[in-house]
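> After the sequence you'll find the predicted model.
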Amino acid sequence: MARKKKKDTLAELIPDAELRDRMVSHLYSKQPLLSEGGVFSELLQSLVNKMLEGEVEDFLDEEQASNRENKRNGYTSKQLLSAAGPLSIRTPRDRNADFEPDLVGKRQRELSSGVDEQIIALYAQGNSVEDVRRLLAKLYGLSISAGKISAITDQVLPEIQAWRTRPLRSLYAIVYLDAVHFKVRHEGRYASRAFYTVYGIDGEGRRDLLGLYINENEGASRWGLVLEDMRARGVEDVLIFCTDDLSGFSEAICEVYPLAVIQKCIVHKVRSSTRFVDDKDIKALRKDLRTVYTAVSREGATSAMEAFAVTWGSKYSRLIDSWQADWEELMAFMDYSKDLRRMIYTTNPVEALHRIIRKLIKGKAAWVSDTALLKQIYLCLMHNEQSWKRNALGWKAIQRDLLHKYGERFSRHLVEK
């Protein structure tokens with residue numbers, strides 16, 4: 001007959017009667033299990049210290065077996081972060097200073113609790129340093145200084161630098177360029193900073209964020225430097241750039257990528273060109289203007305613009321002049337298939353990326369530095385990759401269209417399968 005396995009009693013598991021009673025009382029109190037100064041924190045602290053005692057005893061036994069003279073030499077005390085709260089640790093020392101504990105290293109300040117990862121995750125969700133402090137205190141009973149939190153999030157700076165300088169693909173079929181503005185403290189005062197975003201789709205239809213850049217304002221010359229950085233990182237060719245109506249943008253692009261097609265955002269153009277249209281005219285005018293950019297061909301768009309000019313030219317001649325001045329870059333999408341037209345007639349994809357950023361950090365009024373801004377936006381985006389780093393839908397059909405139009409210029413950059 002099989003013998004019944006002996007059941008461990010609570011007294012055998014926790015010999016300290018006082019600690020055992022306090023643990024039972026804490027469990028029945030319905031209070032959080034892991035909190036600063038709680039009994040579970042005390043139990044973990046006791047366990048860690050006992051394990052360190054065991055490690056030093058084993059180490060000294062090995063020293064004696066090897067005929068090396070060595071013995072204990074007091075303790076080194078330090079605070080250790082853990083998921084159960086701060087722990088007061090007493091690390092044993094040896095006379096020869098050769099003992100290096102496995103459980104808690106000499107310079108280690110965290111007990112493999114995932115606190116660093118939790119801080120970075122909270123920061124990546126758009127929380128400020130002070131927000132992170134409050135959340136850690138509320139959720140885990142941890143008291144961590146703002147300086148410590150900043151130091152932990154600074155751990156990602158080498159990762160950001162490596163990401164910003166990584167090699168890129170030799171060709172991108174579509175690249176969206178746009179900037180979003182934030183407030184940053186600069187030279188003792190808060191000023192607006194332009195955050196440049198480069199969002200691309202490669203020859204296989206994979207979307208990716210190619211770069212993030214910060215400057216005091218948005219300008220064509222600054223965009224020229226961004227494009228030069230792209231070329232230095234390996235981008236030999238871009239088929240189509242999608243941009244807003246920033247003055248000098250097209251010239252800056254052509255200096256670096258002279259063969260690229262430039263498509264100005266139709267949505268931006270409609271918004272900017274109808275800004276001063278009378279309220280009583282706006283609905284009808286936009287309806288007529290829509291017939292221009294929804295035409296099935298360039299010829300149809302030209303005819304629609306001529307009809308639009310007849311109807312509205314006497315009152316809104318500057319609007320018509322503006323469209324005619326940018327006509328080639330506004331109508332560039334007409335030379336492509338219907339599927340590709342939907343992807344390039346507007347910069348909405350990169351603006352959707354900016355909406356993700358704004359949603360995550362909507363409660364933040366300003367940042368203390370450019371580095372703090374870059375760090376938080378990078379973490380926000382990397383923790384939400386699934387929302388923007390995905391393959392373009394229906395890309396096979398678009399790929400055929402690009403192969404037909406560009407031939408070897410496109411095909412030689414495709415990955416062999």
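Cool, the structure landed.

> After the lengthiest helix in the chain, heading C-terminal, what element do we hit next?
Counting residues, the longest helix found in the chain (DSSP state H) is helix 39-65. Using DSSP states H and E, the helix or strand that directly follows helix 39-65 along the chain is strand 72-80.

> relative orientation of that next one and helix 39-65 in degrees?
Here strand 72-80 runs at an angle of 150 degrees relative to helix 39-65 (axes from the mean of the first three to the mean of the last three C-alpha atoms, to 10 degrees).

> Mind jotting down where the strands sit in this protein?
Per DSSP state E, the chain has strands spanning 72-80, 87-94, 171-186, 189-202, 207-215, 237-243, 261-264. These are given in chain order.

> Just give me how far stretch 156-168 sits from the chain centre.
On the basis of C-alpha atoms, centre = their mean, to the nearest Å, stretch 156-168 sits 12 Å off its chain's mean C-alpha point.

> Poorly predicted segments of this structure, please.
1-14, 26-28, 30-40, 83-85, 111-115, 139-142, 360-365, 416-417 (pLDDT under 70).

> returning to what we had before: between the strands of the chain, which one is closest to residue 56.
The closest of those to residue 56 is strand 87-94. By C-beta to C-beta, the value is 3.9 Å. In this view, the C-beta of every residue, glycine as well, is placed from N, C-alpha and C.

> Can I get the closest one in CSV, CA atoms only?
Output of strand 87-94 as CSV, limited to C-alpha atoms (Å, rounded to 0.1, in the frame of the first residue of the first chain):
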residue,chain,number,x,y,z
LEU,A,87,14.6,45.3,0.8
SER,A,88,17.4,45.9,3.3
ILE,A,89,20.2,43.6,2.3
ARG,A,90,23.3,42.6,4.2
THR,A,91,25.8,41.1,1.9
PRO,A,92,28.6,39.1,3.7
ARG,A,93,32.2,40.1,3.1
ASP,A,94,35.3,38.0,3.1
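
> contacting residues around residue 409?
237, 259 (C-beta atoms under 8 Å, 6 or more residues apart in numbering).

> any idea how far it lies from residue 402?
9 Å (C-beta to C-beta, to the nearest Å).

> swap in residue 244?
Relative to residue 402, residue 244 is positioned 24 Å away (C-beta to C-beta).

> ok, now residue 202?
Residue 202 is 11 Å from residue 402, by C-beta to C-beta.

> what touches both of the two?
residue 173.

> Which residue ranges make up the domains of this structure?
Residue ranges for each domain of the chain read 18-65+74-94, 114-166, 170-411, as given by automatic domain parsing.

> distance between the first one and the chain's centre?
Yep, that's domain 18-65+74-94 we're talking about. 37 Å.

> what about that domain, how long is it end to end?
32 Å (C-alpha to C-alpha, to the nearest Å).

> How about the longest one?
End-to-end distance of domain 170-411 (C-alpha to C-alpha): 12 Å.

> one step back: which other helices and strands contact the longest helix of the chain?
Packed against helix 39-65 by the contact rule (3 or more C-beta pairs under 8 Å, 6 or more residues apart in numbering; DSSP states H and E) you find helix 17-28, strand 72-80, strand 87-94.

> could you redo the last one with a cut-off of 7 Å?
helix 17-28, strand 87-94 (3 or more C-beta pairs under 7 Å, 6 or more residues apart in numbering; DSSP states H and E).
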